[in-house]
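Participant: missing the sequence, but the structure's below:
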């Protein structure tokens with residue numbers, strides 16, 4: 001989900017089979033030419049932009065074409081290592097600004113040797129056409145996500161079904177071609193347009209799956225590959241989302257424990273379980289009377305979900321809870337919702353592409369009884385996100401296009417890849433990194449021990465960033481004797497701000513504003 005927190009800081013013909021993928025379709029004899037124009041910002045003044053047309057259906061290169069938006073920070077060193085394509089995840093995340101962030105965050109000696117390339121994947125942002133199935137789909141106040149009554153379940157089901165139907169009506173000609181394999185084919189088209197024999201790739205979150213799929217399709221075209229916060233490629237996508245629920249609950253309890261540690265600041269007690277009980281009491285109250293007419297129970301979940309992705313938001317969330325408990329003051333909560341949870345047009349676009357790709361990539365249960373049983377089962381053990389996550393993905397139960405099969409990313413020919421994973425990541429639990437490390441034969445896995453943030457490199461952890469710089473600089477990877485090749489200590493948790501509000505200018509907050517909050 002793309003949110004205002006950023007301001008804070010193949011077609012059936014290209015069938016994908018489990019264990020195998022089709023050979024790349026025929027390409028045009030002459031690659032497209034890119035025309036780069038200045039599009040710099042105050043933060044990233046050297047950014048350049050271009051666009052590239054690619055086939056909607058890569059199996060039919062002479063058919064309908066769509067446009068991808070690209071960005072670039074050119075290399076400045078005399079010798080270049082070629083393009084480094086960057087992706088923030090999603091699916092549905094825009095990568096145009098990420099190119100500027102990565103280029104400015106890497107050591108100058110490393111960044112200078114790459115053309116750092118950002119892109120909006122098909123359907124996203126400035127690429128054309130861009131999807132927006134139901135403008136205002138997340139407009140408050142939505143029904144309570146926990147279907148305690150048949151009426152609440154019907155209301156949420158109607159929302160999910162109507163979203164899927166609207167996508168089919170508006171974009172029925174596009175939906176069969178919005179999937180990870182088609183996006184990977186687009187990356188190959190970008191490589192050709194850049195005139196590069198090989199590309200390097202740096203992906204966060206869902207971007208790790210996109211990169212692994214590209215590596216499966218085109219292993220000989222990869223120079224270097226960095227995967228940070230790795231989705232489990234064997235759980236695409238229904239099982240992965242169930243696994244998230246348990247990890248999100250753990251991360252929510254970590255927030256409660258942090259608040260308890262700073263009882264002198266927030267005055268909510270020193271027992272995390274009592275603080276969590278107060279949070280659920282607030283949720284129950286908001287379900288009856290939304291704060292400011294905008295923040296009900298569902299919106300409260302939207303507001304606190306970003307805290308599971310990045311602990312830099314914890315002071316804001318703790319302040320909102322404390323204000324409600326002590327004074328009945330909902331203003332900090334409404335402000336936090338506006339900053340973290342509210343979905344604008346960019347978020348509507350991101351969610352539309354998220355649903356389109358995930359629903360097309362793999363089979364989802366079509367019978368609602370399965371969803372209901374699984375969600376209630378998870379809720380009994382890990383309630384904080386179980387139903388919210390189920391409804392977020394529920395359009396896939398009604399999606400109008402037939403699913404493909406996930407790609408088996410097992411790869412023994414890809415050059416050594418460098419993987420990063422925090423042990424307590426909620427959005428992409430640790431098992432995903434371990435699994436990808438096993439399937440990518442020559443990869444190295446660097447673990448942030450005890451870390452819970454999602455997206456860990458270029459976020460202020462010097463140990464992690466040293467491994468990243470060494471790899472992108474000259475290809476050096478750590479080699480351990482066990483299942484993990486290197487371990488870094490976690491970045492420190494935040495402390496309550498000494499001033500009126502927490503800082504929003506750190507590199508971590510900037511990165512996590514760019515990554516967003518749904519893979």
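Facilitator: Received, thanks. Here the structure is a predicted model, which is why all the values come from computation and not from measurement.
Participant: contact partners for residue 318?
Facilitator: 255, 258, 259, 262, 265, 266, 268, 496 (C-beta atoms under 8 Å, 6 or more residues apart in numbering). All C-beta spots, glycine's among them, are computed from the backbone N, C-alpha and C.
Participant: what residues of the host helix or strand of it count as buried?
Facilitator: Counting by DSSP states H and E, the element that carries residue 318 is helix 314-327. Neighbour counts over helix 314-327 (16 or more other C-beta atoms under 10 Å) mark 314, 315, 316, 317, 318, 319, 320, 321, 322, 323, 324, 325 as buried.
Participant: so the fourth one is in contact with residue 303, correct?
Facilitator: Spelled out, that is residue 317. Yes: counting by C-beta atoms under 8 Å, residue 303 is a contact partner of residue 317 at 7.3 Å.
Participant: hang on, the earlier thing: tell me the first helix or strand C-terminal of the helix holding residue 318.
Facilitator: Next along the chain after helix 314-327, taking DSSP H and E as the criterion, comes helix 331-336.
Participant: could you pull up the mean pLDDT of the helix or strand that comes right after that next one?
Facilitator: Scanning forward in sequence from helix 331-336 by DSSP H and E, the next helix or strand is helix 345-361. Mean pLDDT, helix 345-361: 98.
Participant: which residues does the following helix or strand past helix 345-361 contact?
Facilitator: Counting by DSSP H and E, the element after helix 345-361 in chain order, helix or strand, is helix 368-381. By C-beta under 8 Å, 6+ apart, the residues outside helix 368-381 that reach it are 146, 153, 157, 242, 245-246, 249, 365, 386-387, 390, 394, 397.
Participant: and those, which of them are in helices?
Facilitator: Among those, the subset assigned to helices under DSSP state H consists of 153, 157, 242, 245, 246, 249, 386, 387, 390.
Participant: how about the fifth one: what's its closest non-neighbour residue?
Facilitator: Yep, that's residue 246 we're talking about. residue 382 (4.6 Å; C-beta to C-beta, 6 or more residues apart in numbering).
Participant: I figured the one you found was touching residue 245, is that so?
Facilitator: Yes: the pair residue 382 / residue 245 is scored as a contact, 5.1 Å apart, by C-beta under 8 Å.
Participant: the more surrounded of these two?
Facilitator: More neighbours surround residue 245 than the other of residue 382 and residue 245, with 25 against 19 (other C-beta atoms under 10 Å).
Participant: who's in contact with that one?
Facilitator: By C-beta under 8 Å, 6+ apart, the neighbours of residue 245 are 378, 382, 385, 386, 389.
Participant: pipe the residues you listed into a markdown table and attach distance to residue 358 and pLDDT per row.
Facilitator: As requested, those are exported to a markdown table (distance: C-beta to C-beta, whole Å; pLDDT from 0 to 100):
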| residue | distance to residue 358 | pLDDT |
| --- | --- | --- |
| 378 | 18 | 98 |
| 382 | 21 | 98 |
| 385 | 17 | 97 |
| 386 | 18 | 98 |
| 389 | 12 | 98 |
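Participant: can I get those in a markdown table including distance to residue 196?
Facilitator: Shown next, in a markdown table, are the contacts of residue 245 (distance: C-beta to C-beta, whole Å):
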| residue | distance to residue 196 |
| --- | --- |
| 378 | 44 |
| 382 | 45 |
| 385 | 41 |
| 386 | 45 |
| 389 | 39 |
